[in-house]
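Visitor: Fold the following and give me the result.
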Amino acid sequence: MDANEPSEPRTGGWSQFGATPPSAGGFTRPNPSIMPPPPPPRRAGFTLTRKAIAGLALAAVAALSAAALGGGAVGAYIAGGNAQPVAAATTSAPSPVFHTASDQYTIAQVAAKVQPSVVMIQGQTGEGSGVVLSEDGLILTNNHVVSGQNGRLSVKFNDGKTASATLVGTDPATDLAVIKAEGVSGLAKVALGDSDQLKVGDDVLAIGSPLGLDGTVTSGIISALDRTVTAGSGGQGQQLPPGWGGQGQAAEPTTLGGMIQTDAAINPGNSGGALVNAAGELVGINSAIAADGVNLGFAIPVNTAKHVSDQLISKGKVTHVFLGVSLADATGEVSGALIRQVTPGSPAEKAGLKQGDVITKIGQTPVSGGDTVVGQVRGFKVGQQVPVTYQRDGEESTVTVTMQEQK
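Guide: Numbers count the residues shown, from 1 in each chain. Take a look at the predicted model:
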C-alpha cells in the first residue's frame, strides 16, 4: 500500500477580447431604487430569468427618464413588483452582463470568445470535452476521458471540423491528460486565468459537450473552494456518458484536493471542458459531479492543470511528491486524519510526525479526514515547505514538512 494513501478512502460525489484579457467580475445587478430585488431565480431557468430582470430594469430606467422629460409611454412600468404592458417597447432588452471595472461583456460575448477553444473528444464509445492549449493542436482534458480508448481519438472543433488525435501524456493522480490533434494550425487557444484569485460567489460559465451536445454553455457561480473529492469506484461521480469506458470496467478511485465547486450545470460529457470567469479566462477543468443527481459540479483549478500539463507536454509524465504516512479518519472529539504509520526516511518522519498523531491542518486547509491530506499533497511541488498542524496527547503543534519526490 502507498504510504501516502489513506487505508480506507471514502467514496461519493466528485466531480478572447484583446491581447490583455480584463479581470473577472460578475453580473450587473438591478438598481434597488428602480425596482425591488427579485425572488431568487431557479437555476434551471437562470439565463432567461436574468434576461427578464435586465429587461425590467431597462424599462424602469426609461420610465423614470420619460417622466422627468414629460415624455410619453414606454414599454413597461413597475407597480407592486409586477411588470404591466403600456405600449410596444422600442428597445430590446440586453443579454445579462458580466462586468469589470471598465468594461462590460454579455454572457453571449464571453461564450463566443471561449467556444472556439473548447472541443469535443470522441472515443470508441462516447464523448468528452477538451480545451485548446496551443495553435498547433495541444489539448487539455481529463485522464478519465481518454483512458481505455486505445489511442483511438478524434477531436471535433467548434466550427464542425474534425481531426484525429494522439495521446501526449496522462496523469491519473490528478485526472489530467494532454492530447495532440493532428494536421491542424491556427487554433484559438484558451486564455488562462488565475484560480488562486477566485472567490465564492464569482460568476462562471461551463462550456463543453454534455451528452454529446458540443458547444453547450451553462452559467452559475463558484459555490465553494478547496473541496476534496474522491471519485472512481465504478465510475461514480465521474462525468461519463453511458457506455464510455465500456465492458463494466471499474474506474480507479482518485482523490483530488483543492477542487472548485460550482452550481453551473455540468453533466456526463462535460469532463475536460472549460470553467471560465467573466473575462473568458480558463479557471478550471470540469471533472466531476456530485452523486445522487445533486446539481453540484467540481473542477480542477487551472493553476494545478497548468502545472501538470506543462510537465506532460515537456516530458510526458508528472513528478509528484509524497508525505510518507498511512492515514485513517480520526474519531472522537478531534476531527482530522489519524496517522497509522510513518514511512522511515519520509518527509513526515524528518519533520517529526509520529504514529498516533492527528493531522488537523495541512497548509492553509483544515483537515476533515484522510482524503483531505491525500488530495492536498497531490497539489504540492518537490521542495515545497508545507506547515502541518497536528494534535498529540491533547496538545496542538505545527511542523514544517519539506516535500520530496515520490519515486
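
Visitor: So if we follow the domain assignment, how does the chain break up?
Guide: The record's domain split for the chain, according to automatic domain parsing, is 26-99, 114-181, 191-305, 321-405.

Visitor: for the chain, which strand is longest?
Guide: In the chain, taking DSSP state E as the definition, the longest strand is strand 216-231.

Visitor: circling back to that earlier point, may I see the domains of the chain organised as TSV, with mean neighbour count and distance to S314 added?
Guide: (Glycine included, C-beta is placed from N, CA and C.) Converted to TSV, the domains of the chain look like this (neighbours: other CB atoms under 10 Å; distance: least, CB to CB, whole Å):
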stretch	mean neighbour count	distance to S314
domain 26-99	14	34
domain 114-181	21	9
domain 191-305	22	15
domain 321-405	18	15
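
Visitor: could those be laid out in JSON lines, adding mean pLDDT?
Guide: Shown next, in JSON lines, are the domains of the chain (pLDDT from 0 to 100):
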{"stretch": "domain 26-99", "mean pLDDT": "37"}
{"stretch": "domain 114-181", "mean pLDDT": "90"}
{"stretch": "domain 191-305", "mean pLDDT": "81"}
{"stretch": "domain 321-405", "mean pLDDT": "91"}
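
Visitor: quick one, which of the ones you listed is nearest to K315?
Guide: For those, the distance to K315 is smallest for domain 114-181, at 8.0 Å, taking CB to CB.

Visitor: circling back: return the list of strands paired to the longest strand of the chain, each annotated with direction.
Guide: strand 203-208 (antiparallel), strand 254-262 (antiparallel) (DSSP bridges).

Visitor: Put together JSON lines for those strands, with distance to A108 on each row.
Guide: Converted to JSON lines, the strands paired with strand 216-231 look like this (distance: least, CB to CB, whole Å):
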{"stretch": "strand 203-208", "distance to A108": "10"}
{"stretch": "strand 254-262", "distance to A108": "20"}
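
Visitor: of all those strands, which lies closest to G370?
Guide: It's strand 254-262; of those, that one is closest to G370 (CB to CB) at 8.7 Å.

Visitor: Pairing partners for the next helix or strand after that closest one, with directions?
Guide: On the C-terminal side of strand 254-262, the closest following helix or strand by DSSP states H and E is strand 274-276. Sheet pairing of strand 274-276 (DSSP bridges) gives strand 203-208 (antiparallel), strand 281-289 (antiparallel).

Visitor: Out of the ones you listed, which is closest to L275?
Guide: strand 281-289 (3.7 Å).

Visitor: follow-up on the earlier one: with distance to K350 added, can I get the strands paired with strand 274-276 in a markdown table?
Guide: Shown next, in a markdown table, are the strands paired with strand 274-276 (distance: least, CB to CB, whole Å):
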| stretch | distance to K350 |
| --- | --- |
| strand 203-208 | 40 |
| strand 281-289 | 33 |
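
Visitor: Figure out which of those strands is closest to V132.
Guide: Closest among the strands paired with strand 274-276, using CB to CB: strand 281-289, at 10.0 Å.

Visitor: elements contacting the next helix or strand after that closest one?
Guide: Next helix or strand after strand 281-289 toward the C-terminus (DSSP H and E): strand 297-301. Contact partners of strand 297-301 among helices and strands, from 3 or more CB pairs under 8 Å, 6 or more residues apart in numbering; DSSP states H and E: strand 254-262, strand 281-289.

Visitor: Please work out which residues outside strand 297-301 touch it.
Guide: Strand 297-301 has contacts (CB atoms under 8 Å, 6 or more residues apart in numbering) with 13-15, 174-176, 195-196, 198, 206, 227, 229, 256, 258-266, 270, 275, 283-290.
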